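[1] Quick check, what structure comes out for this input:
(chains A and B)
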Protein chains: 2
Amino acid sequence: MTTEARRRGPRGPYAKSAERRAAIVEAASGVFAARGYRAGSFQEVADVVGMSQTSLLHYFPSKQALLLAVLDHRDSLLGGSVQRTPGPDFRTGVLRQAEYNSGVPGLIELYSVLAGEAATQDHPGRAWFIERFTTLRGNYEAEFQALKDAGRLRDGIDPARAAAGFVALWDGIQLQWLLDPEAVDVVAVLRDHLDLVILP
Amino acid sequence: MTTEARRRGPRGPYAKSAERRAAIVEAASGVFAARGYRAGSFQEVADVVGMSQTSLLHYFPSKQALLLAVLDHRDSLLGGSVQRTPGPDFRTGVLRQAEYNSGVPGLIELYSVLAGEAATQDHPGRAWFIERFTTLRGNYEAEFQALKDAGRLRDGIDPARAAAGFVALWDGIQLQWLLDPEAVDVVAVLRDHLDLVILP
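    Okay, the predicted model is just below:
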(Lines give C-alpha, C1' and ligand atoms only; values in the text may rest on other atoms or scores of the structure.)
Protein backbone atom coordinates (compact mmCIF):
# COMPACT_ATOMS: atom_id res chain seq x y z
CA MET A 1 0.00 0.00 0.00
CA THR A 2 1.37 3.42 -0.88
CA THR A 3 1.61 6.09 1.77
CA GLU A 4 -1.11 8.02 0.06
CA ALA A 5 -3.51 5.08 0.04
CA ARG A 6 -2.83 4.46 3.69
CA ARG A 7 -3.53 8.07 4.53
CA ARG A 8 -6.83 7.96 2.70
CA GLY A 9 -7.74 4.67 4.32
CA PRO A 10 -9.27 1.64 2.62
CA ARG A 11 -11.61 1.99 -0.35
CA GLY A 12 -14.46 0.03 -1.75
CA PRO A 13 -17.12 -1.84 0.18
CA TYR A 14 -15.07 -2.03 3.38
CA ALA A 15 -14.55 1.73 3.47
CA LYS A 16 -18.26 2.28 2.98
CA SER A 17 -19.10 -0.13 5.75
CA ALA A 18 -16.62 1.55 8.13
CA GLU A 19 -18.13 4.92 7.28
CA ARG A 20 -21.59 3.62 8.00
CA ARG A 21 -20.48 2.17 11.33
CA ALA A 22 -18.89 5.49 12.27
CA ALA A 23 -22.08 7.38 11.36
CA ILE A 24 -24.17 5.00 13.47
CA VAL A 25 -21.88 5.34 16.48
CA GLU A 26 -22.00 9.11 16.10
CA ALA A 27 -25.80 9.10 15.98
CA ALA A 28 -26.08 6.73 18.93
CA SER A 29 -23.75 8.94 20.98
CA GLY A 30 -26.13 11.82 20.46
CA VAL A 31 -29.22 9.78 21.31
CA PHE A 32 -27.70 8.25 24.46
CA ALA A 33 -26.30 11.60 25.60
CA ALA A 34 -29.72 13.19 25.23
CA ARG A 35 -31.84 10.41 26.74
CA GLY A 36 -29.58 7.90 28.41
CA TYR A 37 -29.23 4.31 27.28
CA ARG A 38 -32.46 2.84 28.60
CA ALA A 39 -34.71 5.51 27.18
CA GLY A 40 -32.77 5.96 23.94
CA SER A 41 -34.16 3.70 21.24
CA PHE A 42 -32.66 1.73 18.39
CA GLN A 43 -35.37 3.20 16.19
CA GLU A 44 -34.30 6.74 17.01
CA VAL A 45 -30.69 5.94 16.11
CA ALA A 46 -31.89 4.38 12.84
CA ASP A 47 -33.93 7.52 12.10
CA VAL A 48 -30.97 9.82 12.68
CA VAL A 49 -28.75 7.92 10.22
CA GLY A 50 -31.63 7.36 7.82
CA MET A 51 -31.52 3.56 7.90
CA SER A 52 -34.09 0.91 8.69
CA GLN A 53 -33.80 -0.98 11.98
CA THR A 54 -33.05 -4.11 9.95
CA SER A 55 -30.07 -2.48 8.24
CA LEU A 56 -28.88 -1.13 11.58
CA LEU A 57 -28.95 -4.65 13.04
CA HIS A 58 -26.57 -5.69 10.28
CA TYR A 59 -23.94 -3.41 11.82
CA PHE A 60 -24.81 -3.80 15.50
CA PRO A 61 -26.70 -6.93 16.52
CA SER A 62 -28.14 -5.31 19.67
CA LYS A 63 -28.56 -2.01 21.48
CA GLN A 64 -26.01 -3.28 23.99
CA ALA A 65 -23.40 -3.82 21.25
CA LEU A 66 -24.07 -0.27 20.12
CA LEU A 67 -23.61 1.05 23.66
CA LEU A 68 -20.20 -0.59 24.00
CA ALA A 69 -19.13 0.82 20.63
CA VAL A 70 -20.25 4.28 21.77
CA LEU A 71 -18.27 4.01 25.02
CA ASP A 72 -15.12 2.80 23.26
CA HIS A 73 -15.45 5.52 20.65
CA ARG A 74 -15.87 8.17 23.30
CA ASP A 75 -12.72 6.95 25.02
CA SER A 76 -10.80 6.98 21.78
CA LEU A 77 -11.74 10.65 21.36
CA LEU A 78 -11.18 11.73 24.93
CA GLY A 79 -9.85 9.28 27.42
CA GLY A 80 -6.73 8.20 25.60
CA SER A 81 -4.27 10.72 26.87
CA VAL A 82 -5.57 10.57 30.43
CA GLN A 83 -5.79 6.83 30.66
CA ARG A 84 -2.38 6.14 29.25
CA THR A 85 0.35 8.63 29.88
CA PRO A 86 -0.56 12.26 30.35
CA GLY A 87 2.74 13.39 28.90
CA PRO A 88 6.03 14.22 30.55
CA ASP A 89 4.37 16.12 33.38
CA PHE A 90 1.32 14.68 35.10
CA ARG A 91 -0.10 17.98 36.32
CA THR A 92 0.26 19.67 32.92
CA GLY A 93 -1.28 16.70 31.12
CA VAL A 94 -4.32 16.60 33.38
CA LEU A 95 -5.00 20.32 33.17
CA ARG A 96 -4.58 20.31 29.41
CA GLN A 97 -7.10 17.48 29.12
CA ALA A 98 -9.56 19.28 31.41
CA GLU A 99 -9.19 22.40 29.27
CA TYR A 100 -9.90 20.34 26.17
CA ASN A 101 -12.96 18.69 27.76
CA SER A 102 -14.56 22.09 28.33
CA GLY A 103 -14.85 22.38 24.55
CA VAL A 104 -16.72 19.09 24.11
CA PRO A 105 -19.64 19.22 26.58
CA GLY A 106 -21.57 16.66 24.53
CA LEU A 107 -18.98 13.98 25.20
CA ILE A 108 -18.84 14.86 28.90
CA GLU A 109 -22.63 14.69 29.06
CA LEU A 110 -22.64 11.29 27.37
CA TYR A 111 -20.17 10.04 29.94
CA SER A 112 -21.98 11.48 32.99
CA VAL A 113 -25.36 10.13 31.94
CA LEU A 114 -24.10 6.66 31.15
CA ALA A 115 -21.88 6.39 34.23
CA GLY A 116 -24.81 7.22 36.52
CA GLU A 117 -27.12 4.86 34.68
CA ALA A 118 -24.50 2.09 34.69
CA ALA A 119 -24.75 1.92 38.48
CA THR A 120 -28.27 0.54 38.15
CA GLN A 121 -29.08 -3.16 38.24
CA ASP A 122 -28.34 -5.26 35.17
CA HIS A 123 -27.18 -2.29 33.13
CA PRO A 124 -25.28 -3.50 30.06
CA GLY A 125 -22.64 -0.80 30.53
CA ARG A 126 -21.92 -1.73 34.14
CA ALA A 127 -18.95 -4.05 33.49
CA TRP A 128 -17.44 -1.52 31.09
CA PHE A 129 -17.52 1.24 33.74
CA ILE A 130 -16.22 -1.03 36.52
CA GLU A 131 -13.29 -1.94 34.33
CA ARG A 132 -12.77 1.66 33.28
CA PHE A 133 -12.64 2.93 36.87
CA THR A 134 -10.30 0.10 37.86
CA THR A 135 -7.94 1.03 35.03
CA LEU A 136 -8.14 4.74 35.77
CA ARG A 137 -7.48 4.27 39.49
CA GLY A 138 -4.51 2.02 38.67
CA ASN A 139 -3.02 4.51 36.24
CA TYR A 140 -3.42 7.47 38.57
CA GLU A 141 -2.04 5.46 41.45
CA ALA A 142 1.08 4.82 39.38
CA GLU A 143 1.36 8.57 38.72
CA PHE A 144 0.99 9.45 42.39
CA GLN A 145 3.41 6.67 43.38
CA ALA A 146 5.99 8.05 40.95
CA LEU A 147 5.55 11.50 42.50
CA LYS A 148 5.95 9.99 45.95
CA ASP A 149 9.12 8.18 44.90
CA ALA A 150 10.44 11.49 43.62
CA GLY A 151 9.66 13.11 46.97
CA ARG A 152 6.99 15.31 45.37
CA LEU A 153 3.83 13.92 46.99
CA ARG A 154 2.74 15.70 50.14
CA ASP A 155 3.58 13.76 53.29
CA GLY A 156 1.06 11.20 54.45
CA ILE A 157 -0.85 10.89 51.17
CA ASP A 158 -1.68 7.34 50.11
CA PRO A 159 -1.24 7.01 46.31
CA ALA A 160 -4.11 4.50 45.86
CA ARG A 161 -6.69 6.54 47.76
CA ALA A 162 -5.42 9.76 46.22
CA ALA A 163 -5.99 8.19 42.81
CA ALA A 164 -9.59 7.17 43.57
CA GLY A 165 -10.21 10.62 45.03
CA PHE A 166 -8.78 12.44 42.04
CA VAL A 167 -10.88 10.48 39.54
CA ALA A 168 -13.92 11.19 41.73
CA LEU A 169 -13.18 14.89 41.98
CA TRP A 170 -12.84 15.20 38.23
CA ASP A 171 -16.08 13.33 37.47
CA GLY A 172 -18.02 15.21 40.14
CA ILE A 173 -16.87 18.67 39.15
CA GLN A 174 -17.60 17.97 35.47
CA LEU A 175 -21.16 17.06 36.42
CA GLN A 176 -21.58 20.33 38.33
CA TRP A 177 -20.17 22.20 35.33
CA LEU A 178 -22.55 20.50 32.89
CA LEU A 179 -25.48 21.63 35.01
CA ASP A 180 -24.22 25.13 35.72
CA PRO A 181 -21.28 26.13 33.51
CA GLU A 182 -21.17 29.72 34.76
CA ALA A 183 -20.87 28.69 38.40
CA VAL A 184 -18.08 26.14 38.14
CA ASP A 185 -14.49 26.35 36.91
CA VAL A 186 -13.36 22.76 36.39
CA VAL A 187 -9.75 23.55 35.59
CA ALA A 188 -9.34 25.84 38.62
CA VAL A 189 -10.76 23.22 41.00
CA LEU A 190 -8.48 20.51 39.61
CA ARG A 191 -5.47 22.83 39.70
CA ASP A 192 -6.15 23.77 43.33
CA HIS A 193 -6.31 20.10 44.24
CA LEU A 194 -3.11 19.14 42.41
CA ASP A 195 -1.28 22.10 43.94
CA LEU A 196 -2.33 20.81 47.35
CA VAL A 197 -1.20 17.26 46.72
CA ILE A 198 1.92 17.72 44.56
CA LEU A 199 4.90 19.60 45.95
CA PRO A 200 6.65 22.00 43.56
CA MET B 1 -54.19 18.18 69.69
CA THR B 2 -52.85 15.96 72.46
CA THR B 3 -49.26 14.80 72.40
CA GLU B 4 -50.40 11.28 71.68
CA ALA B 5 -52.51 12.32 68.72
CA ARG B 6 -49.62 14.33 67.38
CA ARG B 7 -47.28 11.38 67.72
CA ARG B 8 -49.65 9.16 65.83
CA GLY B 9 -50.25 11.79 63.19
CA PRO B 10 -53.57 12.74 61.66
CA ARG B 11 -56.37 10.21 61.25
CA GLY B 12 -59.20 9.67 58.82
CA PRO B 13 -59.19 10.39 55.10
CA TYR B 14 -56.23 12.76 55.27
CA ALA B 15 -54.04 10.18 57.00
CA LYS B 16 -54.99 7.60 54.41
CA SER B 17 -54.19 9.99 51.59
CA ALA B 18 -50.80 10.84 53.12
CA GLU B 19 -50.03 7.12 53.46
CA ARG B 20 -50.89 6.57 49.83
CA ARG B 21 -48.70 9.46 48.73
CA ALA B 22 -45.82 8.07 50.78
CA ALA B 23 -46.28 4.61 49.25
CA ILE B 24 -46.28 6.09 45.74
CA VAL B 25 -43.12 8.11 46.37
CA GLU B 26 -41.45 5.00 47.78
CA ALA B 27 -42.43 2.96 44.72
CA ALA B 28 -41.32 5.69 42.31
CA SER B 29 -37.95 5.95 44.09
CA GLY B 30 -37.39 2.27 43.39
CA VAL B 31 -38.45 2.52 39.77
CA PHE B 32 -36.36 5.63 39.03
CA ALA B 33 -33.33 4.18 40.86
CA ALA B 34 -33.54 1.02 38.77
CA ARG B 35 -34.24 2.59 35.37
CA GLY B 36 -33.70 6.30 35.60
CA TYR B 37 -36.46 8.84 35.10
CA ARG B 38 -36.87 8.74 31.35
CA ALA B 39 -37.11 4.98 31.09
CA GLY B 40 -39.09 4.51 34.31
CA SER B 41 -42.82 4.55 33.58
CA PHE B 42 -45.86 5.86 35.40
CA GLN B 43 -47.48 2.50 34.69
CA GLU B 44 -44.70 0.63 36.46
CA VAL B 45 -45.06 2.84 39.55
CA ALA B 46 -48.81 2.25 39.49
CA ASP B 47 -48.21 -1.51 39.25
CA VAL B 48 -45.86 -1.52 42.24
CA VAL B 49 -48.39 0.25 44.48
CA GLY B 50 -51.29 -1.69 43.00
CA MET B 51 -53.20 1.34 41.71
CA SER B 52 -54.53 2.30 38.33
CA GLN B 53 -52.79 5.06 36.41
CA THR B 54 -55.93 7.15 36.83
CA SER B 55 -55.81 6.88 40.63
CA LEU B 56 -52.12 7.65 40.57
CA LEU B 57 -52.80 10.83 38.60
CA HIS B 58 -55.07 11.92 41.43
CA TYR B 59 -52.01 12.12 43.70
CA PHE B 60 -49.42 13.25 41.18
CA PRO B 61 -50.64 15.02 38.06
CA SER B 62 -47.52 14.13 36.03
CA LYS B 63 -44.40 12.01 36.04
CA GLN B 64 -42.47 15.23 36.53
CA ALA B 65 -44.40 16.05 39.73
CA LEU B 66 -43.59 12.57 40.95
CA LEU B 67 -39.90 13.06 40.19
CA LEU B 68 -39.75 16.25 42.24
CA ALA B 69 -41.51 14.52 45.14
CA VAL B 70 -39.00 11.67 44.95
CA LEU B 71 -36.06 14.09 45.00
CA ASP B 72 -37.43 16.06 47.94
CA HIS B 73 -38.20 12.87 49.83
CA ARG B 74 -34.71 11.53 49.22
CA ASP B 75 -33.27 14.75 50.59
CA SER B 76 -35.48 14.58 53.65
CA LEU B 77 -34.08 11.11 54.36
CA LEU B 78 -30.46 11.84 53.59
CA GLY B 79 -29.44 15.30 52.64
CA GLY B 80 -30.87 17.19 55.58
CA SER B 81 -27.98 17.02 57.97
CA VAL B 82 -25.43 17.68 55.27
CA GLN B 83 -27.24 20.53 53.64
CA ARG B 84 -28.03 22.38 56.79
CA THR B 85 -25.61 22.12 59.67
CA PRO B 86 -23.53 18.97 60.00
CA GLY B 87 -23.41 19.30 63.76
CA PRO B 88 -20.92 20.97 66.05
CA ASP B 89 -17.93 19.67 64.11
CA PHE B 90 -17.93 19.80 60.31
CA ARG B 91 -15.48 16.93 59.82
CA THR B 92 -17.30 14.61 62.22
CA GLY B 93 -20.68 15.44 60.70
CA VAL B 94 -19.53 14.73 57.16
CA LEU B 95 -17.88 11.43 58.00
CA ARG B 96 -20.88 10.31 60.04
CA GLN B 97 -23.15 11.06 57.09
CA ALA B 98 -20.86 9.18 54.69
CA GLU B 99 -20.87 6.21 57.07
CA TYR B 100 -24.68 6.32 57.13
CA ASN B 101 -24.90 6.54 53.33
CA SER B 102 -22.98 3.27 52.97
CA GLY B 103 -25.99 1.55 54.53
CA VAL B 104 -28.48 2.95 52.01
CA PRO B 105 -27.03 2.19 48.56
CA GLY B 106 -30.50 2.39 46.99
CA LEU B 107 -30.78 6.08 47.86
CA ILE B 108 -27.26 6.80 46.63
CA GLU B 109 -28.06 4.97 43.40
CA LEU B 110 -31.23 7.00 42.95
CA TYR B 111 -29.26 10.17 43.36
CA SER B 112 -26.39 9.19 41.03
CA VAL B 113 -28.70 8.07 38.25
CA LEU B 114 -30.91 11.13 38.39
CA ALA B 115 -28.03 13.61 38.74
CA GLY B 116 -26.38 12.23 35.60
CA GLU B 117 -29.64 12.19 33.70
CA ALA B 118 -30.51 15.71 34.85
CA ALA B 119 -27.56 17.05 32.90
CA THR B 120 -29.33 16.14 29.66
CA GLN B 121 -31.39 18.57 27.63
CA ASP B 122 -34.85 19.49 28.88
CA HIS B 123 -34.70 17.09 31.80
CA PRO B 124 -37.42 17.95 34.31
CA GLY B 125 -35.03 17.43 37.24
CA ARG B 126 -32.43 19.81 35.87
CA ALA B 127 -33.53 22.93 37.76
CA TRP B 128 -33.80 20.93 40.98
CA PHE B 129 -30.21 19.71 40.70
CA ILE B 130 -28.85 23.12 39.71
CA GLU B 131 -30.49 24.61 42.79
CA ARG B 132 -29.31 21.73 44.96
CA PHE B 133 -25.69 22.11 43.89
CA THR B 134 -25.86 25.87 44.36
CA THR B 135 -27.17 25.39 47.90
CA LEU B 136 -24.66 22.68 48.74
CA ARG B 137 -21.72 24.72 47.45
CA GLY B 138 -22.93 27.73 49.44
CA ASN B 139 -23.28 25.74 52.65
CA TYR B 140 -19.89 24.07 52.32
CA GLU B 141 -18.31 27.38 51.44
CA ALA B 142 -19.66 28.78 54.70
CA GLU B 143 -18.15 25.83 56.58
CA PHE B 144 -14.76 26.26 54.94
CA GLN B 145 -14.90 30.02 55.48
CA ALA B 146 -15.60 29.45 59.19
CA LEU B 147 -12.61 27.12 59.37
CA LYS B 148 -10.48 29.73 57.61
CA ASP B 149 -11.61 32.41 60.03
CA ALA B 150 -10.63 30.10 62.88
CA GLY B 151 -7.18 29.63 61.31
CA ARG B 152 -7.92 25.97 60.62
CA LEU B 153 -8.01 25.95 56.81
CA ARG B 154 -4.71 25.11 55.15
CA ASP B 155 -2.97 28.18 53.73
CA GLY B 156 -3.95 29.25 50.25
CA ILE B 157 -7.20 27.30 50.03
CA ASP B 158 -10.12 29.21 48.55
CA PRO B 159 -13.33 28.35 50.47
CA ALA B 160 -15.63 28.60 47.43
CA ARG B 161 -13.56 26.35 45.19
CA ALA B 162 -12.84 23.98 48.06
CA ALA B 163 -16.60 23.68 48.57
CA ALA B 164 -17.28 22.82 44.92
CA GLY B 165 -14.41 20.36 45.00
CA PHE B 166 -15.58 18.65 48.14
CA VAL B 167 -19.13 18.16 46.84
CA ALA B 168 -17.63 16.79 43.62
CA LEU B 169 -15.30 14.42 45.43
CA TRP B 170 -18.14 13.02 47.49
CA ASP B 171 -20.45 12.47 44.50
CA GLY B 172 -17.70 10.95 42.40
CA ILE B 173 -16.43 8.55 45.01
CA GLN B 174 -19.97 7.38 45.81
CA LEU B 175 -20.46 6.55 42.14
CA GLN B 176 -17.25 4.50 42.09
CA TRP B 177 -18.40 2.74 45.26
CA LEU B 178 -21.82 1.91 43.80
CA LEU B 179 -20.12 0.24 40.85
CA ASP B 180 -17.43 -1.55 42.82
CA PRO B 181 -18.07 -1.54 46.58
CA GLU B 182 -15.12 -3.80 47.41
CA ALA B 183 -12.62 -1.57 45.63
CA VAL B 184 -13.57 1.79 47.13
CA ASP B 185 -13.68 3.10 50.70
CA VAL B 186 -15.77 6.28 50.59
CA VAL B 187 -15.21 7.29 54.20
CA ALA B 188 -11.43 6.82 53.99
CA VAL B 189 -11.18 8.94 50.83
CA LEU B 190 -13.25 11.74 52.36
CA ARG B 191 -11.30 11.56 55.62
CA ASP B 192 -7.97 11.79 53.77
CA HIS B 193 -9.21 14.85 51.94
CA LEU B 194 -10.53 16.62 55.02
CA ASP B 195 -7.30 15.87 56.89
CA LEU B 196 -5.41 17.51 54.06
CA VAL B 197 -7.57 20.62 54.02
CA ILE B 198 -8.42 21.13 57.69
CA LEU B 199 -5.64 21.76 60.16
CA PRO B 200 -5.93 19.98 63.54
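[2] worst-scoring helix or strand of chain A, pLDDT-wise?
    helix A:80-83 (a mean of 46; mean pLDDT, DSSP states H and E).
[3] residue ranges of the helices in chain A, please?
    Under the criterion DSSP state H, helices of chain A are mapped to A:3-8, A:12-35, A:42-49, A:53-59, A:63-74, A:80-83, A:90-101, A:105-118, A:126-149, A:159-179, A:186-197.
[4] Tell me which residues touch residue A:16, please.
    For residue A:16, the contact set (Cβ atoms under 8 Å, 6 or more residues apart in numbering or on different chains) is empty. Placement of C-beta: from N, CA and C, glycine included.
[5] State the distance from the residue positioned nearest the centre of chain A to chain B.
    Of all residues in chain A, the one closest to the mean position by Cα atoms, centre = their mean is residue A:75, 4.2 Å from it. According to Cβ to the nearest Cβ, to the nearest Å, residue A:75 and chain B sit 16 Å apart.
[6] Same check on residue A:69?
    In this view, residue A:69 and chain B are 20 Å apart by Cβ to the nearest Cβ.
[7] Repeat that for residue A:174.
    Going from residue A:174 to chain B by Cβ to the nearest Cβ gives 8 Å.
[8] Kindly report the same for residue A:167.
    Taking Cβ to the nearest Cβ as the measure, residue A:167 falls 7 Å from chain B.
[9] That residue: what's it in contact with?
    By Cβ under 8 Å, 6+ apart, the neighbours of residue A:167 are A:133, A:136-137, A:140, B:172, B:176.
[10] try residue A:70
    Contact analysis of residue A:70 by Cβ under 8 Å, 6+ apart lists A:25, A:28-29, A:32, A:110.
[11] now swap in residue A:156 and tell me
    Residue A:156 makes contact with residue B:195 under the criterion Cβ under 8 Å, 6+ apart.
[12] I'd like the distance between it and residue A:94.
    Applying Cβ to Cβ, to the nearest Å, the value for residue A:156 to residue A:94 is 22 Å.
[13] try residue A:101
    Residue A:101 sits 11 Å away from residue A:94, going by Cβ to Cβ.
[14] now swap in residue A:118 and tell me
    Residue A:118 is 23 Å from residue A:94, where distance means Cβ to Cβ.
[15] Just want to know which of the two has more residues nearby.
    residue A:118 (26 against 23; other Cβ atoms under 10 Å in any protein chain shown).
[16] Quick check: that one vs residue A:126, distance?
    Plainly put, residue A:118 is 5 Å away from residue A:126 if you go by Cβ to Cβ.
[17] And for residue A:112?
    Using Cβ to Cβ, residue A:112 is found at 16 Å from residue A:126.
[18] do residue A:102 as well
    For residue A:102, the distance to residue A:126 equals 28 Å [Cβ to Cβ].
[19] For residue A:125, grab the count of nearby residues.
    Residue A:125: 21 neighbours (other Cβ under 10 Å).
[20] What's the per-residue pLDDT of the closest residue to it other than its chain neighbours here?
    With Cβ to Cβ, 6 or more residues apart in numbering or on different chains as the criterion, residue A:125 has its nearest non-adjacent residue at 4.3 Å, and that residue is residue A:118. pLDDT for residue A:118: 91.
[21] Same check on residue A:2?
    We have a pLDDT of 44 for residue A:2.
[22] Please name the residues that touch residue A:133.
    Contacts of residue A:133 (Cβ under 8 Å, 6+ apart): A:167, B:176, B:179-180, B:183.
[23] again, 10 Å this time
    A:115, A:118, A:164, A:167-168, A:171, B:172, B:175-177, B:179-180, B:183-184 (Cβ atoms under 10 Å, 6 or more residues apart in numbering or on different chains).
[24] Check residue A:42 too.
    Applying Cβ under 10 Å, 6+ apart, we find residue A:42 in contact with A:28, A:31, A:53, A:56-57, A:60, A:62-63, A:66.
[25] Which pair of the residues you listed spans the longest distance?
    Pairwise distances across the contacts of residue A:42 peak at 15.9 Å for A:31 and A:57 (criterion: Cβ to Cβ).
[26] sorry, back to before: check whether the residue nearest to residue A:125 really touches residue A:129, as I assumed.
    Yes - Residue A:118 lies in contact with residue A:129 (Cβ atoms under 10 Å); the separation is 4.3 Å.
[27] shared neighbours, the two?
    A:71, B:175, B:178-179.
[28] Excluding chain neighbours, give the residue nearest to residue A:102 in space.
    Distance criterion Cβ to Cβ, 6+ apart; nearest residue to residue A:102, sequence neighbours excluded, is residue A:186 at 6.3 Å.
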